[in-house]
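A.B. asks: Any chance you could fold what I've pasted below:
(one chain, ligands or ions: 1)
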Amino acid sequence: MSKKVRVTETVLRDAHQSLLATRMTIDDMLPILGKLNEVGFNSIECWGGATFDACLRFLNEDPWERLRTLRREMPDTRLQMLFRGQNMLGYRHYADDVLEEFVQKSVENGIDVIRIFDALNDIRNLQTAINAAKKASRDGKKPEVQVAMSFTTGEVFTTEYYVEYAKRIAKAGADSICIKDMAALLTPYKTAELVKAIKDAVDLPVNLHTHYTSGLASMCLIKGVEAGADIIDTAMSPLALGTSHAPTESMVAAFQGTEYDTGLDLVLLNEIRGYFMELRKKYIESGLIDQKMLAADAGALIYQVPGGMLSNLLSQLKQAGKEDLLNDVLAEVPRVRADAGFPPLVTPSSQIVGTQAVFNVLTGERYKTVTKEFKGIVRGEYGQTPVPIDPEFRKKIIGDAEPIDCRPADLLEPELEKLRKECAEWAESEEDVLSYAQFGQVAVKFFEKRRDAKFGLDGKHGDAANGVHPV
Ligand code: CO
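C.D. replies: Below is the predicted model:
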């Protein structure tokens, strides 16, 4: 029986988010899209997460226009996005009506696979997004709804914990499950154990997503596939390794001639490699890729904190002139995390726990100073933590404030109408309203630049110096 492995290519999203701060432009992508379309990937991840933000904030690109272009240029390939559940692509919880509209518009504009996750693994923060994705369609075709579990380590996060979560994900209506190891904490044997346990418990395809940071990703993928994983995430080799993913071509080669053979054409992939090699050179020369990001670093496995979090802690201590306290802070992190109900350490919980640990050490007294965000997580503003928070500790942190034990978005009034009114001056489409909903003033600045360009006020057309503009 063939156990053909399917490959999701991440070069248009996670790979450049991991290596070059998400700065790949649509112009950099365009010349190679036709070839990428021919490969026969399970899907190409290309949208959502930071790409949307970077388009508006840094690249002066309409993220929706980018999606439609990708759709047009890769008609035979499923396009995939990453979606932070009730946070959508922004940094707060949104009301259900905005979320539902966003999911439908994403599908309408070209998305075929929606990968949804929540930082706390609180299924309630995912249910509205799952339901909306199941309802959405483009030309009568429904998207695949994939739910990702945020993988982390710590005494609570046993294989049983993930099996239980996988069962809840299946019950919530997901079409597939992703093990999302953003911090590269998986080891090959742990991967095998986890994949096997999940496959035994639920009847859904399992997609393995792990980063190369600690140098283990390709080993994890092999062991994961042998244990039953159906889909692996990889990146074209010039933008693989380091904090990115295992190289696509190498993984395809690794499975060639075995029962797991991906069936993908290495010669075609090699042509595509040539194109991305030129881009890599350009990004290194311009400084967009920092060579440091390309080296394997197993430090994450020693400290059990994601690499990005470690560098944040160090920079916070440097600012205070207390770099020598790093070991004290690293010892304090697990204690703060335990107090906060063992959140997985990903955005935003990694920043919240890290900053609080720094304060606890710097002030010399635990919780003498408490950040607003730490109060928020303890109060339940981000959802349910994996372990309930001790009521006495909660009282100490939030005083008489009312704890939140319902789904946080249940406390939000519908807000789509209000958002439409707020941005009526600039918005030219419902998609614009959704950009504004998530990125507020950043979106407004983009709309203004777009309008200026349209009327020749951007200095590129007409005689800007003399104030003469074509009308
Ligand atoms: Co990732």
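A.B. asks: Hmm, His211 is touching Ser218, no?
C.D. replies: No - counting by CB atoms under 8 Å, His211 sits too far from Ser218 to count as a contact (11.4 Å). From N, CA and C alone the C-beta is placed, and that goes for glycine too.
A.B. asks: quick one: the helices in the stretch 301-450 of the chain?
C.D. replies: Remark: helices assigned in the stretch 301-450 of the chain by DSSP state H, counting those that start in this stretch are 307-319, 326-339, 349-362, 372-379, 391-398, 416-422, 430-454.
A.B. asks: okay, these, which one's buried deepest?
C.D. replies: Mean neighbour count (mean count of other CB atoms under 10 Å) peaks for helix 349-362 among the helices of the stretch 301-450 of the chain, with a mean of 23.
A.B. asks: tell me what that one is packed against?
C.D. replies: Here helix 349-362 touches helix 307-319, helix 326-339, helix 372-379, going by 3 or more CB pairs under 8 Å, 6 or more residues apart in numbering; DSSP states H and E.
A.B. asks: closest one to the ion among those helices?
C.D. replies: helix 307-319 (11.5 Å; CB to the ion).
A.B. asks: Quick check: nearest residue in space to Ile111, chain neighbours excluded?
C.D. replies: Met81 (4.9 Å; CB to CB, 6 or more residues apart in numbering).
A.B. asks: I'd like the distance between the one you found and Ser350.
C.D. replies: Separation of Met81 from Ser350 (CB to CB, to the nearest Å): 22 Å.
A.B. asks: and what of Met149?
C.D. replies: Counting by CB to CB - Met149 and Ser350 are separated by 16 Å.
A.B. asks: Residues of the protein that sit close to the ion?
C.D. replies: When proximity is defined as CB under 5 Å from the ion, the chain approaches the ion at 14, 182.
A.B. asks: mind redoing it with 8 Å?
C.D. replies: Neighbours of the ion within the chain, by CB under 8 Å from the ion: 10, 14, 17-18, 82, 180-182, 209, 211, 233, 245.
A.B. asks: Just give the number of residues close to Glu381.
C.D. replies: Per other CB atoms under 10 Å, the neighbour tally for Glu381 reads 17.
A.B. asks: Thought Cys406 was touching it, still the case?
C.D. replies: No - the pair Glu381 / Cys406 is not scored as a contact, 11.2 Å apart, by CB under 8 Å.
A.B. asks: Residue in the stretch 301-450 of the chain with the shortest distance to the ion?
C.D. replies: Val346 (9.9 Å).
A.B. asks: which residues touch that residue?
C.D. replies: Taking CB atoms under 8 Å, 6 or more residues apart in numbering, we find Val346 in contact with 119, 150, 152, 182-183, 306.
A.B. asks: hmm, try it at 6 Å
C.D. replies: Shown in contact with Val346 (CB atoms under 6 Å, 6 or more residues apart in numbering): 119, 150, 182.
A.B. asks: Leu56 too?
C.D. replies: Contacts for Leu56 (CB under 6 Å, 6+ apart) come out as 439, 442-443, 446.
A.B. asks: can you check Leu185 too?
C.D. replies: Residues near Leu185 by CB under 6 Å, 6+ apart: Thr153.
A.B. asks: Any figure for the gap between the spatially most central residue of the chain and Ala427?
C.D. replies: By CA atoms, centre = their mean, the chain has its centre lying nearest to Gly49, at 4.9 Å. The spacing between Gly49 and Ala427, counted by CB to CB, is 23 Å.
A.B. asks: and what of Lys445?
C.D. replies: From Lys445 over to Ala427 the distance is 14 Å, taken as CB to CB.
A.B. asks: Phe52 now?
C.D. replies: From Phe52 across to Ala427, the span is 16 Å (CB to CB).
A.B. asks: Please state the backbone phi and psi of the residue lying closest to Val156 once chain neighbours are set aside?
C.D. replies: Spatial nearest neighbour of Val156, excluding adjacent residues (CB to CB, 6+ apart): Phe342 at 4.5 Å. The phi/psi pair for Phe342 (degrees, to the nearest 10) reads phi 60, psi 50.
A.B. asks: Run a quick neighbour tally on Phe342.
C.D. replies: Residue crowding around Phe342 was assessed by other CB under 10 Å; the count is 23.
A.B. asks: which ones are touching it?
C.D. replies: Phe342 touches 154, 156, 386-387, counting by CB under 6 Å, 6+ apart.
A.B. asks: among these, which ones are buried?
C.D. replies: Buried subset of the contacts of Phe342 (neighbour count, 16 or more other CB atoms under 10 Å): 154, 156, 386.
A.B. asks: Fine by me, thanks again.
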